[in-house]
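Colleague: coords please:
(one chain, ligands or ions: 1)
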Amino acid sequence: MRSSEASKIYFDRAADELDLSDNMRLLLLTAKREVQVQIAVETDHGEIATLIGYRVQHNNARGPMKGGLRYHPHVDLDEVRALAALMTWKTAVVNIPYGGAKGGISLDPSKLSTRELERVTRRFVDAIHDLFGPDVDIPAPDMGTSAEVMAWIMNQYGKYHGFSPACVTGKPVEYHGIPGRNEATGRGVGSLTIKLLTRLERSVPRATIAVQGFGNVGSHTAQFLHDAQCRIVAVSDAFGGVHKETGLDIPELLRYSSEHGGRIDGFSGGDPITNAELLSLKVDVLVPAALGGVLGKGNAASVNAAVIVEGANAPIEPEADAVFLERGIIVLPDILANAGGVTVSWFEWVQNRQHYQWDIHRVREELDRILGEAFEQVWHLSTSRKVTLRTAAYMLGIGRVGRATVLGGIE
Ligand code: GLU
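Modeller: Here you go, the predicted structure:
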């Protein structure tokens with residue numbers, strides 16, 4: 001199923017509950033602007049490489065459009081379009097004053113040198129610098145991009161528009177970034193997991209957790225939940241994973257991964273496990289924190305978790321979502337579960353615009369408060385309307401965007 005078809009299914013379910021008209025649905029689903037640009041660069045070997053860059057600006061009813069920039073071989077317009085809409089609902093669920101956008105370039109960052117990545121990034125900014133900016137659309141890191149990439153974006157944008165640190169978030173702390181942005185998505189996934197377990201009257205200490213993906217989101221989620229006394233029984237990345245029923249030593253694994261180019265296969269503190277095996281482990285919580293679409297109709301029946309927390313964007317296909325509902329597996333949806341990243345992006349943007357600096361304590365405190373409030377609102381809507389947490393989150397987000405659209409008017 002195409003990414004945009006999958007996200008429309010979730011949208012329509014909530015729109016039905018909200019009794020939205022067809023005209024309103026079309027207005028809310030249609031992106032404001034979709035851009036596709038050519039990025040021609042010279043490789044380190046003096047050859048010409050031509051890439052395609054996308055930016056989809058979905059909706060700005062509640063504020064400037066906001067969302068990450070993804071560098072991955074699977075990137076295409078349809079995926080970026082679906083992810084841009086997810087950002088609109090995500091910023092609305094946590095009630096921060098943004099709309100939604102997403103960008104991407106189809107490339108494999110591991111196959112490019114740092115200098116090549118920098119050239120690609122700067123050429124992309126050259127092509128779209130008039131279309132984004134602090135009051136229009138603010139990019140940020142996503143899969144395959146990092147704080148370093150964000151620094152190049154700010155620097156290149158500044159060549160056209162002058163000093164504008166708020167044109168992009170997720171920058172290095174030493175270059176106009178904010179402490180706590182790097183950990184924010186994983187911290188949010190972890191703290192919301194604890195809130196959900198508590199609401200479900202399940203024990204947090206010793207709860208068993210499996211995390212698929214050990215990139216930015218997965219590693220910080222594992223660290224946070226390890227610190228909260230949970231047992232991280234398995235983690236994996238694209239190359240394989242490790243499993244230990246009594247709980248992995250996460251600080252040790254983090255050390256291993258930083259010494260092995262980010263890889264975790266070969267870690268001696270556990271037994272090897274494949275991604276497919278990890279997804280079917282009997283655990284309290286499964287956190288898919290890597291690619292989209294990893295749980296589909298082919299493997300939904302083999303999932304043995306009580307709770308699934310979507311660390312990644314769109315890891316569950318609608319067919320699998322239906323299976324989980326039928327089997328009583330509780331799903332905490334991406335637009336709430338991984339909203340910690342964009343929330344701290346907002347703090348960074350506010351800080352940049354005020355030429356002020358926040359410390360890590362303030363960042364964590366305000367992040368926890370915002371996510372906590374959003375969780376309670378989604379939980380309440382889910383129980384009062386007898387809908388899943390996903391439908392409740394979409395109802396909350398779509399309702400807010402719809403109201404702002406009506407209040408602003410379309411004349
Ligand atoms: N890429 C992240 C997401 O999907 C963060 C976006 C942002 O900080 O703007 O939520």
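
Colleague: ok, residue 62 to the ligand distance?
Modeller: Per CB to the nearest ligand atom, to the nearest Å, residue 62 is found 14 Å from the ligand. Yep, even glycine has a C-beta here, placed from its N, CA and C like the rest.

Colleague: beta partners for the residue of the chain found nearest the ligand?
Modeller: Closest to the ligand within the chain is residue 68: 2.6 Å, counting by CB to the nearest ligand atom. In this entry, residue 68 is beta-bridged to residue 140, by DSSP bridges.

Colleague: residues contacting it?
Modeller: If you count contacts by CB atoms under 8 Å, 6 or more residues apart in numbering, residue 68 has them with 83, 87, 102, 103, 139, 140, 141, 142, 143, 145, 170, 341.

Colleague: do I have it right that the third one meets residue 87?
Modeller: Looking back up the chat, that one is residue 102. Yes - contact criterion CB atoms under 8 Å: residue 102 and residue 87 qualify, at 5.9 Å.

Colleague: mind listing the helices for the stretch 101-250 of the chain?
Modeller: Applying DSSP state H, counting those that start in this stretch to the stretch 101-250 of the chain gives helices spanning 114-128, 147-161, 181-199, 216-227, 250-259.

Colleague: and these as TSV, adding distance to residue 64 and mean pLDDT?
Modeller: Converted to TSV, the helices of the stretch 101-250 of the chain look like this (distance: least, CB to CB, whole Å; pLDDT from 0 to 100):
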stretch	distance to residue 64	mean pLDDT
helix 114-128	15	98
helix 147-161	14	98
helix 181-199	18	98
helix 216-227	23	98
helix 250-259	35	96
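
Colleague: which one, of those helices, ends up nearest to residue 409?
Modeller: When the helices of the stretch 101-250 of the chain are compared by CB to CB, helix 114-128 sits nearest residue 409, at 28.6 Å.

Colleague: show me what that closest one is packed against.
Modeller: Under the contact criterion of 3 or more CB pairs under 8 Å, 6 or more residues apart in numbering; DSSP states H and E, helix 114-128 touches strand 33-42, strand 48-59, helix 147-161.

Colleague: in TSV: the ones you listed, plus mean neighbour count and distance to the ligand.
Modeller: Converted to TSV, the helices and strands packed on helix 114-128 look like this (neighbours: other CB atoms under 10 Å; distance: least, CB to the nearest ligand atom, whole Å):
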stretch	mean neighbour count	distance to the ligand
strand 33-42	15	17
strand 48-59	21	13
helix 147-161	19	10
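
Colleague: coming back round to it: more neighbours: which of residue 102 and residue 87?
Modeller: Applying other CB atoms under 10 Å to residue 102 and residue 87 shows that residue 102 carries more neighbours, namely 32 against 28.

Colleague: can you pull the pLDDT of that one?
Modeller: pLDDT, residue 102: 98.

Colleague: residue with max distance from the center of this structure?
Modeller: Distance from the C-alpha centroid of the chain peaks at residue 46, with 35.4 Å (CA atoms, centre = their mean).

Colleague: mind checking which of the helices of the stretch 101-250 of the chain is nearest residue 315?
Modeller: Closest among the helices of the stretch 101-250 of the chain, once you apply CB to CB, is helix 216-227, at 10.7 Å.

Colleague: nearest to residue 199, of the helices and strands packed on helix 114-128?
Modeller: strand 48-59 (30.1 Å).

Colleague: where do the strands of the stretch 251-400 of the chain begin and end?
Modeller: Using DSSP state E, counting those that start in this stretch, the strands of the stretch 251-400 of the chain run over 271-273, 282-288, 304-309, 330-332.

Colleague: including mean neighbour count and distance to residue 208, could those go into TSV?
Modeller: Shown next, in TSV, are the strands of the stretch 251-400 of the chain (neighbours: other CB atoms under 10 Å; distance: least, CB to CB, whole Å):
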stretch	mean neighbour count	distance to residue 208
strand 271-273	15	14
strand 282-288	25	4
strand 304-309	22	9
strand 330-332	23	15
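
Colleague: between those strands, which gets nearest to residue 26?
Modeller: strand 330-332 (27.3 Å).

Colleague: what lines up beside the closest one in the sheet?
Modeller: Applying DSSP bridges to the sheet, strand 330-332 is found paired with strand 304-309 (parallel).

Colleague: residues touching the partner strand, excluding its own?
Modeller: The contact list for strand 304-309 (CB under 8 Å, 6+ apart) reads 189, 192-193, 196-197, 200, 202, 210, 280-288, 295, 316, 324, 329-332, 337.

Colleague: likewise stretch 313-325?
Modeller: With CB under 8 Å, 6+ apart as the criterion, stretch 313-325 contacts 1, 3, 6-7, 9-10, 82-83, 86, 288-297, 299-301, 303, 308, 310, 331, 334, 338, 388, 390.

Colleague: and those, which are buried?
Modeller: If you count burial by 16 or more other CB atoms under 10 Å, the buried members of the contacts of stretch 313-325 come out as 3, 6-7, 10, 82-83, 86, 288-296, 300, 303, 308, 310, 331, 334, 338, 388, 390.

Colleague: same for the ligand: which of the contacts of stretch 313-325 are within range?
Modeller: Among the contacts of stretch 313-325, the ones lying near the ligand by CB under 6 Å from any ligand atom are residue 338.

Colleague: which ones among the contacts of stretch 313-325 lie within helices?
Modeller: Counting by DSSP state H, the contacts of stretch 313-325 place 3, 6, 7, 9, 10, 82, 83, 86, 334, 390 in helices.

Colleague: now for the residue farthest from the centre of the chain: which residues touch it?
Modeller: If you count contacts by CB under 8 Å, 6+ apart, residue 46 has none.

Colleague: and it, how far is that from residue 123?
Modeller: As judged by CB to CB, to the nearest Å, residue 46 and residue 123 stand 16 Å apart.

Colleague: and for residue 388?
Modeller: Plainly put, residue 388 is 43 Å away from residue 123 if you go by CB to CB.

Colleague: coming back round to it: any chance of CSV for the helices and strands packed on helix 114-128, columns distance to residue 231?
Modeller: As requested, these are exported to CSV (distance: least, CB to CB, whole Å):
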stretch, distance to residue 231
strand 33-42, 44
strand 48-59, 39
helix 147-161, 31
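
Colleague: backbone torsions only: list them for residue 299.
Modeller: Here is the backbone geometry of residue 299 (degrees, to the nearest 10): phi -120, psi 0.
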